[in-house]
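Enquirer: Return a 3D structure for these sequence lines:
(2 chains)
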Amino acid sequence: MAPLAALQATFLSALLFLGTDCGQALPEASTLTPESLKVSINTSQQSVHVQWSVHGLAYHEELKMVFQIQISRMTTFDVIWVENYSTTVAWKQVLHWRWDSELPLECATHFVRLRGTVEEEAGTPGPRPWSNWTSWEEVDAQKSLGPGLLFVFPGEKLVEEGSNVTICYVSRSHENNVSCSLEGVPIRGEQLGPNVSVITLNNVPFIRKTGTNFFCEMKQTHTIQGSVLWVSKVLEEPKDLSCETRDFKTLTCTWDPGTDTDLPNYRSQRYTLFEAFSGENKSCKHKDSCVWQVAPGSQETYNFTLVAENSLRKRSVNIVFDLAHRVRPMDPFSMRLESVSATGATVTWKVHSVWDHFTYLCQVELHGEGKVIQQHNVSVEKDGQCPFSELQPATEYTARVRCAAAEHFWKWSGWTGWNFRTLAAAPSEAPDVWRDVKSALGSCNVTLFWKPLSKSHAHGEILFYNVVVENLHGPSGSKLFSIPALAGGTEVALDGCSHRILVTANNSVGTSPAAVMVISGDPADKGVEEERVEPTEQGFSLTWKPPREDVVGYVVDWCDRPGDSPCGLQWRRLGPNSTSAVINSGAFRPGVRYHFRIYGISPQRRAFLLGKKTGYTQEEVPSDAPQVLVHNLTSHSFTLSWKDYPTDSQPGFIRGYRVYLKSQAEQCQPEFQKTVLPDRSVGCQYDINDPEQKTLVVGGLQPESSYEFAVIPHTGAGEGALDAFTKVTMPDERSHVLIRIILPMIAGLVVIAILCYLKSRWMKEMCYPDIPDPYKSSVLSLLKPKEAAPLTIMSVNDCVPDALEVVKKPEGSKTPFPGARKAAPDTTARTRPDYIYLLPTESSPSPCICFENLTYDQAAPSSGSCARVLGPHEAAPSQLGLPTSAASLLKPLEQNYVNTPAETPAGETTLNYVSQLASPVSGDKDLLPTKPPEPEPELCCEYRMQMAMPLDLASPSRNESSNGSPTALLGQEYHG
Amino acid sequence: MWAQHTRRALLSLILRLLFLKPVATGSCSGNGQELLEKLQRQVDLMQDTSRFLDHYIRIQGLDKSGLKEHCQERPGVFPSEQDLQELSRRDFLRTLNTILGHVLPRLVTFQKDHPKVEDLGMVTRYIRGIRDNIHCMDQLLRGSSEMAKPTRASPGTWPPHTPASDAFQRKLEGCRFLRGYHRFMHSVGQVFRKWRETPSRRSRRHSPQWVLQRGIHRMPPSMRGKRLVPRGQLPR
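Expert: Numbers count the residues shown, from 1 in each chain, chains lettered A, B, ... in the order given. As a prediction, the model looks like this:
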């Protein structure tokens, strides 16, 4: 071992010696000074290009060297960049180096210098000394600016969104009044030199594809210069890179490129596909896909690298796969449907064969009515087929197939489809038939309704319906009606109501089973009362009790449009175990009353009514107010009646009524409650909770007062609208009483008047005979028992008349006296009247004649004294107010008296009988209190005599009648 | 924004109905009055800055304070209205045709850069229509008694324009160019309007010669046959 160790040490020492000797053979650093330094500027790239050479190298000698490059700005002392650049230098080689400037090179003068040294190698001792610096080389881009006062640099620049950009402007104006803006927003820079300012824009945004505008304006000269920053979006790494083949001839790779970074003036975004195993690459035509040609049988595994790049950035993604695992087959073709029957069919197809024994997995779907009905998976090498069964007759289907690689599933191919229709078959079910029966006079009109058979039961287009009617109790035989399919029913008139009806549906293949129903003559709805049913969210929930009879089912029917004709009869069949049903329909509307009838179906297919229900899906307030009539109007009450109000046709069940009453007094009757009406006035209300009570007696009202009332019905939804009040004025209480009194009185008077008329002669005899006979006076007869004293009836024989003239007057010459209550019968042949009058005699200067005639006046005797008849006779005032002044009365009397009957002209001498009535007229009564009777200086008894009076005296002339009122005349006479 | 778009689409539809056939398809109408009216409508349409300039300003981002003021027509690029009025009718038509021939490529380029602006495509179609109608009008005039005298310079000899070196100035130049173009079309419309405003229109209604005859009477002898040489350059 020791000799071997000594040999190794000797060998190492020799190597070290040789190495030291080689190092000494390298040229000294001072001799490798860079020379021929040249500096230039590329303004479009804003870069400084430096080139130099190294002298001192031997021919064909190459040497690894390091060059230290310094760049200073504005002055040589302001070094802004130092970089060591390593390269291999050959004899007479010109070296190049590039430096990209952030600051536009036009903004400032730059200086460049460099020095070099041999690059240190491993194992060489100590650092090598640098060569001397070259002299500073100046580059000044401003010298080439040309004429102009203002410059902005760079003129344009492509940058990524979010990057920083440095801009400067050079002003050759002494005043340096320059303002700059970025997209119209003023922005200020830093002074870099006497005429140069620098603006740094950080995180520049993407604004538009036509560039972001930066501009500066010199105010004095309105010079404007600017720069356009082409801000592009940041290039994204491609996502979802995927490659597949459909035919083993081409590979198609796709990916999501992300945001498009291209600008109108800078379209640099591109993609390249590189395959590592083959070393081939391909420039892609599209930004999201690329097609790669597959060499047949040469390569199974692929290693792709997708490189995305633009002017500013490069990104890449990688994918490795086996070609057989990325097979997406071509779509199946030559698809057919074979052996199509009513319930089955077989689909066949072909696939593109890649190579022998390549197996595909194919998926077969059968679609019907928009959904998948059947799905099958089939292995296929070239030709495939799949049978379908349990299909519906006369139904449209779609069969479709897609395939994928069976061994290494990657993706399904596209679908290939085929539509077909199964053949028709006879309808499988009887139509759903219902009826509406109207019986009258032993016959029945039956309206049949049926629902169209569903597709699954029709098995083809229904062409017509057959209706067979069999009379159950009549002679055997049946009638057949064929109804077109479009009709949803028919109407059949039956002779008698006991019939069986069979309905079948027919298509092109056959007939359906028959729907059977028996029509019975029994009135079905007798004794079944209608009940109310409350709606639920699901609809009308109907329940019923199962009947005692056997049933094979139930039917609930109703009208969707009650009140219309036809009403849209609907029905629902239920099983024999059902005792409830929830009925709902899209046709149901709020405020409409629906009527439901529940029928049981007997085994003989006879329907019998089990119950009737009625209800609203949603009640509404009454739509109209009742017409209210007022009856029995008295001074304290009246009766309201609205019996004609139809409660059944309202949009809700009438639950009652609310009676509103208003009066000026604003006081409510005891049974009323005070309330505030919608018009904010105060009124009274009374609630009637019985919807059948349609009358109300309102009492306790004030006579001669006005009241306003309104009757508003209410349903479960609320009260109807209070539109208007009806006014009632209460009558007067007195008039009511007066009517009660006056009417009987008038009736009595009428009766008396009639009696008087009928007994006028008797009355005349009794009351006012032409020549009164005191002895016949009934009054006297009444007084007789009372009078103890002898009668004081003056007898003619007892009188000692001074003068008496008796004039005989023939009967029938009387003229009716206007003041008489009853006119005497007039006579056309007037004769000279007879009259009687007492005249004072001249021999007796003051004769005093006293009569007490109780027949005519009881007050007269009570005066207690007799008056002497003075001078000219003063006639007694007419008790009827006639214008009987003394003068007017006396004058004709005198004439009559003087004249003989022969001298009296006809007409003028006619006398009337004037009844003596002692009671003063009303005018006298009025006068009495104001003119109490004064004692006469000469007492005299006044005889209220009966006298015959000329007619013309009794009826005064027109002139006289116009002279004054009777009262006035009486006054004159009284005072006179 | 939506209302503006709707209004523009409606206007576009109306204009398309109005000028059902804006581009002549080879056969010229012999009715000079009708042709002149059609030219008048087409030129009036081109005066509207909303057809082109407004789009350009908005798309280029020149609708900012401090920039809009610099989008003014550069003098000398397009002939003034007075210069156009002084031209003979045939020279006027040739000048118009030449200028439109220079304008059209720029508009087509701009349309390609901004395919979503529908109005741009319509404007280029109408310019082609105007040029076709100019051709027909020129044919009518050629058949008349007016004879074009030899011109001092061809109206279509605009020197090639070197676009500005920096992008910002190119934007401004494009804006100024379009401003001048709209103004120029307004001036052209005024010229056509004067052609139509003739007191003896009835007699010329059915005569294609009336335009020519009127032009002869109105033009001073010194201007007959004189063709305009555009002074400015057309920036691209």
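Enquirer: Run through the residues of chain B sitting next to chain A.
Expert: B:59-62, B:64-67, B:70, B:113, B:165-169, B:171-172 (CB under 8 Å from any CB of the partner chain). For glycine as for every other residue, the C-beta is placed from the backbone atoms N, C-alpha and C.
Enquirer: Please indicate which of these are buried?
Expert: B:59-62, B:66-67, B:70, B:166-169, B:171-172 (16 or more other CB atoms under 10 Å in any protein chain shown).
Enquirer: Narrow the residues you listed to those in helices?
Expert: Residues of those located in helices (DSSP state H): B:59-60, B:167-169, B:171-172.
Enquirer: Contacts only, for A:Gln293.
Expert: Neighbour list for A:Gln293: A:249-251 [criterion: CB atoms under 8 Å, 6 or more residues apart in numbering or on different chains].
Enquirer: Put the buried members of those into a ChimeraX selection.
Expert: Per 16+ other CB under 10 Å, the buried members of the contacts of A:Gln293 correspond to this ChimeraX selection:
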select /A:251
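Enquirer: Helices of chain B, start to end?
Expert: In chain B, the helices defined using DSSP H lie at B:2-18, B:32-47, B:53-60, B:81-86, B:89-113, B:118-142, B:167-196, B:201-204, B:210-218.
Enquirer: swap that for the stretch 451-600 of chain A, sorry
Expert: With DSSP state H, counting those that start in this stretch as the criterion, the stretch 451-600 of chain A has helices at A:455-458.
Enquirer: Nearest to chain B within it, name that residue for me.
Expert: A:Gly586 (38.3 Å; CB to the nearest CB).
Enquirer: Give me the neighbour count for that residue.
Expert: 6 (other CB atoms under 10 Å in any protein chain shown).
Enquirer: element containing A:Ile746, please.
Expert: Assigned by DSSP states H and E, A:Ile746 belongs to helix A:733-758.
Enquirer: Hmm, I typed the wrong one, I wanted A:Leu448.
Expert: Using DSSP H and E, the element containing A:Leu448 is strand A:443-451.
Enquirer: strand partners of that strand, parallel vs antiparallel please.
Expert: strand A:432-440 (antiparallel), strand A:489-494 (antiparallel) (DSSP bridges).
Enquirer: Any chance of CSV for those, columns distance to A:Gln269, mean neighbour count and mean pLDDT?
Expert: Formatted as CSV, these follow (distance: least, CB to CB, whole Å; neighbours: other CB atoms under 10 Å in any protein chain shown; pLDDT from 0 to 100):
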stretch, distance to A:Gln269, mean neighbour count, mean pLDDT
strand A:432-440, 69, 17, 88
strand A:489-494, 72, 16, 89
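Enquirer: Tell me how many other residues crowd the residue nearest to B:Gln47 when sequence neighbours are not counted.
Expert: Nearest-residue entry for B:Gln47: B:His186, 4.4 Å, with adjacent residues in sequence omitted and distances by CB to CB, 6 or more residues apart in numbering or on different chains. Here the number of neighbours of B:His186 (other CB under 10 Å) works out to 16.
Enquirer: B:His186 contacts B:Leu45, doesn't it?
Expert: No - the criterion here is CB atoms under 8 Å, and B:His186 misses it with B:Leu45 at 11.2 Å.
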